[in-house]
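Trainee: sequence unknown, structure follows:
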């Protein structure tokens, strides 16, 4: 349980220290676990709700992922963004991979790594993204924490610095495959101001549900959340709505 406390505390600190965070509409909380020989088509959408500078900003991400074995998965990712007052457009095509590394002895915390390379479309920059994935499962509880580093490859001189962020969740299994909990998304600064505060955060309840219709080889996964802005993020939008739907099948 010590590992569960550590991961859970990280999630709570993310919500208790909102000055060190900023919303990332294209993010989702990743687990380090790999579903061996599973093909999943995933569609997720996140949008800023209410008044504020980012009102109506929306990102849709389409992802096709394949679990190659127990330790490695590959996915093709296409983000589609719509800024306030503008049309939706695909901003890039990415190739991502998740690697399960192992478990920390004595803590029971599972560790994984995430790497993504994205080719920007139009005038968007090419980017690279890496994440440290941590997970702790204890009985009905599961805590996830992602530390995120992102860097552009072809930014103008003086702007090609790394930015840092996080995605975190703590959920409990309730009835059947229904899980309820809390999640948080935000920014931790960049090379010019890591952990200096002022970024704001989005934190709120999360619902996870999985089901396999009788007689069907396809599993349905739903992940929904309604997050409130805190700290500096209140000037961007009061809240953020998120929905992810996945269809998975063994191969």
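Mentor: Structure received. All figures in this text were calculated on a predicted structure; none of them were measured in a lab.

Trainee: Now for the chain, the helix or strand with the poorest mean pLDDT.
Mentor: Counting by mean pLDDT, DSSP states H and E, the weakest-scoring helix or strand in the chain turns out to be helix 2-16, with a mean of 40.

Trainee: does the residue lying farthest from the centre of the chain count as helix, strand or coil?
Mentor: When distances are taken from the C-alpha mean of the chain, residue 215 lies farthest, 31.5 Å away, according to Cα atoms, centre = their mean. Under DSSP: H, G, I helix; E, B strand; the rest coil, residue 215 falls in the coil class.

Trainee: The next helix or strand after the least confident helix or strand of the chain - what's its average pLDDT?
Mentor: Where DSSP states H and E defines the elements, the next helix or strand beyond helix 2-16 is strand 38-49. Averaged across strand 38-49, pLDDT comes to 96.

Trainee: Which elements pack onto the helix or strand immediately after strand 38-49 in the chain?
Mentor: Note on strand 38-49: by DSSP H and E, the next helix or strand toward the C-terminus is strand 58-67. Under the contact criterion of 3 or more Cβ pairs under 8 Å, 6 or more residues apart in numbering; DSSP states H and E, strand 58-67 touches strand 38-49, strand 72-82. Every C-beta, even on glycine, is put in place using the N, C-alpha and C of the backbone.

Trainee: what does strand 58-67 contact?
Mentor: Residues from elsewhere that reach strand 58-67, judged by Cβ atoms under 8 Å, 6 or more residues apart in numbering: 25-26, 28, 34-48, 73-82, 88, 96, 251.

Trainee: so residue 155, which of the three states?
Mentor: At residue 155 the chain is in coil, as set by three-state DSSP.

Trainee: cool, the one 3 residues further on as well?
Mentor: Local secondary structure at residue 158 is given as coil here, using three-state DSSP.

Trainee: And for it, the neighbour number?
Mentor: Neighbourhood size, residue 158 [other Cβ atoms under 10 Å]: 6.

Trainee: With residue 69 instead?
Mentor: By other Cβ under 10 Å, the residues close to residue 69 number 10.

Trainee: so it sits right up against residue 38, yeah?
Mentor: No. Using Cβ atoms under 8 Å, residue 69 is not in contact with residue 38; the gap is 10.9 Å.

Trainee: Next, the angle strand 58-67 makes with the helix or strand hosting residue 93.
Mentor: Using DSSP H and E, residue 93 sits in strand 92-104. Here strand 92-104 runs at an angle of 60 degrees relative to strand 58-67 (axes from the mean of the first three to the mean of the last three Cα atoms, to 10 degrees).

Trainee: What residues sit buried inside stretch 68-82?
Mentor: Within stretch 68-82, the residues that count as buried by 16 or more other Cβ atoms under 10 Å are 71, 73, 75, 77, 78, 79, 80, 81, 82.

Trainee: beta partners for residue 249?
Mentor: Bridge pairing for residue 249 (DSSP bridges) gives the partners residue 39, residue 218.

Trainee: what's the distance between it and residue 219?
Mentor: Distance of residue 249 to residue 219, given as Cβ to Cβ, to the nearest Å: 7 Å.

Trainee: Compare the two and say which is more crowded by neighbours.
Mentor: Ranked by neighbour count (other Cβ under 10 Å), residue 249 and residue 219 place residue 219 first, with 18 against 14.

Trainee: Low-confidence bits of the protein, can you list those?
Mentor: Within the chain, the segments meeting pLDDT under 70 span 1-23, 196-199, 232-233.

Trainee: Mind putting the helices and strands packed on strand 58-67 into TSV with distance to residue 188?
Mentor: TSV is the format used below for those (distance: least, Cβ to Cβ, whole Å):
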stretch	distance to residue 188
strand 38-49	19
strand 72-82	21
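
Trainee: Nearest approach to residue 208 belongs to which of the ones you listed?
Mentor: strand 38-49 (12.8 Å; Cβ to Cβ).

Trainee: What lies in contact with the closest one?
Mentor: Under the contact criterion Cβ under 8 Å, 6+ apart, strand 38-49 has outside partners 23, 25-26, 28, 54-67, 221, 223, 236-251.
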